[in-house]
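*Asks:* here is a sequence together with a model predicted from it:
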Amino acid sequence: MHTTGEPTRIVYSGFPELHGTLLEQRALTRSHYDYIRRSLIYEPRGHRDMYGAILRPHTELVDAGQAHMGVLFLTHEGYSTMCGHATIAISRLLVDCTDTALFPRRDELLFDEEKKEVEVRLHVPCGLVRATVPAIKSSDSGNWCADTTRTIHYLSVPSFAAGIGLSVPIPPSLRWPNLGDRENVIVDVAYGGAFYIVLPASALGFSPSLAHPDIAALSDATKKLRAAFNASAELRSYLRHPDHEDLQFLYSVFVTEPGRGVPAPESAGAETGLCFFADQQVDRSPTGSGVQARVALAVEKGERKLGQCWTYHSIVSNAYGGKGGFTGTPVEETEIGGRRGVRVRVSGWANYTGFGTFVVEEGDEVGGGFSLEQLQQFSPV
Ligand SMILES: O=C([O-])C1=[NH+]CCC1
């Protein structure tokens, strides 16, 4: 499937049996079955911006009846802890999937006849996400399926501003041309199911406009900024989460242009973002977990109130006149680790791109998955 152009290659059958908590299953997949991720995400089946997910029908929350399905997220680098664009895609798939062999808890979905929608509870590595999928009953089969005329939304895990106006010193070895004579860069850090650095392009020394961004140069700058941030134990101390140390890492640098993009009718404003995540993958979608982080920052700064909807665009949604933009609305204040958190309602839409079976033939080493970049760096000849 794709969500505003960002792919999610969803594994719904054939993955090895995994047991334990979802985070244990994530660790086991990374240690014992990473070859499957590489074969699906790397070339020749994927590419360096490919994204995927593995459905996990048994986790501690699913087996306790608190969730309908577990999910592991796959990037070109590894296994992320939250993904809004994939959440939107997977929740649609689960509403459309009537095969209880693939979705054992399908019959537990409660379709609201009046609102014509259904809640799908997903257990993702950062916690429980409640998606609401607009649905219609198909006249012939009598089965419910997603209503493609309305957007899907999900209610996030508690998201929070972790640090505002932090100064990141940039050592000479990590400087980039646009930095000019600046010694440091001021950033905000927020958690939206994963930790984000958020800053305007101008803070990196680039034009404030993301109308025609130099993506390669911004990728180089954000990669160096991330390295400079991670080099500081004091700055890394902002990446704290009370639930689990697996969540305590810097996932992305989000470059923003406040004010750019077409606001959705129900929103009070819009902004555009360019998300560099994992090993500098570029999100084609407006990045749901990044929306959560940015909404949490806006609330913390007193720029946004509960219930105030905002529109978030990517370069792709802007290129299509705003179609595919996400909205983000802080709907509930909560407390997390002694600080203010907000649950954010993120909306968007996903489409199918196809269904397939992937094969790796015995002895086909190249077909097992390769990354040209890694071959360049590590090839023996
Ligand atoms: O939508 C999302 O949260 C993300 N898409 C790719 C990186 C994270």
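*Replies:* Received, thanks.
*Asks:* OK, contacts around the residue in the stretch 201-350 of the chain that the ligand sits nearest to?
*Replies:* Nearest residue of the stretch 201-350 of the chain to the ligand (C-beta to the nearest ligand atom) works out as residue 289 at 3.3 Å. Every residue, glycine included, has its C-beta placed from N, CA and C. Applying C-beta atoms under 8 Å, 6 or more residues apart in numbering to residue 289 gives the contacts 82, 83, 84, 156, 192, 193, 194, 196, 251.
*Asks:* for the closest residue to the second one other than its chain neighbours, helix, strand, or coil?
*Replies:* In other words, residue 83. Closest residue to residue 83 apart from its sequence neighbours, by C-beta to C-beta, 6 or more residues apart in numbering: residue 73 at 4.6 Å. For residue 73, the secondary-structure state derived from DSSP: H, G, I helix; E, B strand; the rest coil is strand.
*Asks:* burial measure for residue 73, as a count.
*Replies:* Neighbour count of residue 73, defined by other C-beta atoms under 10 Å: 26.
*Asks:* ok, what's across the strand from it?
*Replies:* Legend: beta-bridge partners of residue 73 under DSSP bridges are residue 53.
*Asks:* which residues touch it?
*Replies:* Residues in contact with residue 73 (C-beta under 8 Å, 6+ apart) are 51, 52, 53, 79, 80, 81, 82, 83, 86, 124, 125.
*Asks:* assumed residue 30 was part of a helix.
*Replies:* Yes - assessed by three-state DSSP, residue 30 belongs to a helix.
*Asks:* next one: it from residue 362, what distance?
*Replies:* Note on residue 30: its distance to residue 362, by C-beta to C-beta, to the nearest Å, is 24 Å.
*Asks:* out of the contacts of residue 73, who's nearest residue 44?
*Replies:* residue 52 (15.1 Å; C-beta to C-beta).
*Asks:* from the chain's centroid, how far away is the lengthiest helix in the chain?
*Replies:* The residue-count maximum for a helix in the chain (DSSP state H) belongs to helix 215-230. Relative to its chain's centre, helix 215-230 lies at 19 Å (C-alpha atoms, centre = their mean, to the nearest Å).
*Asks:* same question, stretch 187-199
*Replies:* With C-alpha atoms, centre = their mean, you get 12 Å for stretch 187-199.
*Asks:* any buried residues in that stretch, and which?
*Replies:* Judged by neighbour count (16 or more other C-beta atoms under 10 Å), stretch 187-199 contains these buried residues: 187-199.
*Asks:* now these as a markdown table including secondary structure and pLDDT?
*Replies:* Compiled in a markdown table, those are given as follows (DSSP: H, G, I helix; E, B strand; the rest coil; pLDDT from 0 to 100):
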| residue | secondary structure | pLDDT |
| --- | --- | --- |
| 187 | strand | 98 |
| 188 | strand | 98 |
| 189 | strand | 98 |
| 190 | strand | 98 |
| 191 | strand | 98 |
| 192 | coil | 98 |
| 193 | coil | 97 |
| 194 | coil | 97 |
| 195 | strand | 98 |
| 196 | strand | 98 |
| 197 | strand | 98 |
| 198 | strand | 98 |
| 199 | strand | 98 |
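*Asks:* show me what residue 199 is bridged to.
*Replies:* Beta bridges link residue 199 to residue 255, judged by DSSP bridges.
*Asks:* quick one: residues contacting it.
*Replies:* By C-beta under 8 Å, 6+ apart, residue 199 lies in contact with 185, 186, 187, 188, 253, 254, 255, 256.
*Asks:* around residue 155, count how many other residues there are.
*Replies:* When neighbours are defined as other C-beta under 10 Å, residue 155 has 18 of them.
*Asks:* same check, this time on residue 30
*Replies:* Residue 30: 13 neighbours (other C-beta under 10 Å).
*Asks:* surely it is in contact with residue 80?
*Replies:* No - counting by C-beta atoms under 8 Å, residue 30 stays clear of residue 80, with 11.6 Å between them.
*Asks:* can I assume the residue of the stretch 201-350 of the chain closest to the ligand sits in a helix?
*Replies:* Yes - under three-state DSSP, residue 289 sits within a helix.
*Asks:* residue 132 and residue 345, how far apart?
*Replies:* 9 Å.
*Asks:* any common contacting residues for those two?
*Replies:* In contact with both residue 132 and residue 345: 153, 154, 155, using C-beta under 8 Å, 6+ apart.
*Asks:* let me know the closest of those residues to the ligand.
*Replies:* For the shared contacts of residue 132 and residue 345, the nearest to the ligand is residue 154 (10.3 Å; C-beta to the nearest ligand atom).
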